[in-house]
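> any chance you can model this:
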Amino acid sequence: MTSEQNHQLLIMRHAKSDWGAEYAQDFDRPLNPRGIKSAKAMAKWLRNKGLTPDLIVSSPARRAEQTATLVLKGMNLDPAMITRDERIYEARPGDLLKVIDTYREGVLRMLLVGHNPGLDSLVQYLSKHQPQTALSGKTHDHSRDCRTGLRCGYDLYTRRIRDIG
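Take a look at the predicted model:
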């Protein structure tokens, strides 16, 4: 990997989860049927856009793992591509940046699967800090680009699952 290659970060909040009383712990909540359908639709959208990750880093919470696994299966990817990192659950943006930094070596496109409000705050933080692109030295208008899922200066792709499914 050369220094001129941009890293790409795809950020995905887990799909819609079940709020049933039988789940005593928030950590154990699974996806509901709508969430399963949305995660599959997200996999199709990523595949159609050519946004195949080199690595998926997921929260170990059940709903995030299910989302990551459904995306992986829907894109016909190797199950070994999922790494579970407990730091993602209830993480703040600074924690998430440390997670990303942990796995970025040798990874050009990473999919981070986790939870709000941490992921939303991370997107807001990255959108405000406009790093220069490696090749052009120019920054991009993140307020426009990130909302539409287009390539940003940090090569950040965002799209709400409910907008896809």
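
> going forward, measure contacts between C-alpha atoms and count neighbours the same way
Fine.

> worst-scoring helix or strand of this structure, pLDDT-wise?
helix 142-148 (a mean of 37; mean pLDDT, DSSP states H and E).

> centre of the chain to the lengthiest helix in the chain, how far?
Ranked by residue count, the top helix of the chain under DSSP state H comes out as helix 33-48. Centre-to-centre, helix 33-48 and its host chain are 13 Å apart (C-alpha atoms, centre = their mean, to the nearest Å).

> got the buried residues for that helix?
Of the residues in helix 33-48, Gly35, Ile36, Ser38, Ala39, Lys40, Ala41, Met42, Ala43, Lys44, Trp45, Leu46, Arg47 count as buried by neighbour count, 16 or more other C-alpha atoms under 10 Å.

> so for that helix, mean pLDDT?
What helix 33-48 shows for mean pLDDT is 93.

> next SSE downstream of it?
Proceeding N to C from helix 33-48, the next assigned helix or strand is strand 55-58, under DSSP states H and E.

> hmm, who's touching that following strand?
Around strand 55-58, the neighbours that count as contacts under C-alpha atoms under 8 Å, 6 or more residues apart in numbering are 64-65, 68, 81-85, 88, 107, 109-114.

> just name the closest of the buried residues of helix 33-48 to His7, please.
Nearest to His7, judged by C-alpha to C-alpha, of those is Leu46 at 16.5 Å.

> tell me the contacts of the closest one?
Under the criterion of C-alpha under 8 Å, 6+ apart, the contact partners of Leu46 comprise Thr52, Met75.

> and what of Pro30?
The neighbours of Pro30, taking C-alpha under 8 Å, 6+ apart as the test, are Ser17, Asp18, Arg62, Arg63, Gln66.

> and Asp28, by the same measure?
Ala61, Arg62, Arg63.

> among these, name the buried ones.
Those of the contacts of Asp28 that meet the buried threshold are Ala61, Arg62, Arg63, by 16+ other C-alpha under 10 Å.

> and Met81, what pLDDT?
Among the per-residue scores, Met81 shows a pLDDT of 94.

> the nearest residue to it once chain neighbours are set aside: how many residues sit nearby?
The shortest distance from Met81 to any residue that is not its chain neighbour, by C-alpha to C-alpha, 6 or more residues apart in numbering, is 5.1 Å, and that residue is Leu55. Counted with other C-alpha atoms under 10 Å, the burial measure for Leu55 works out to 22 neighbours.
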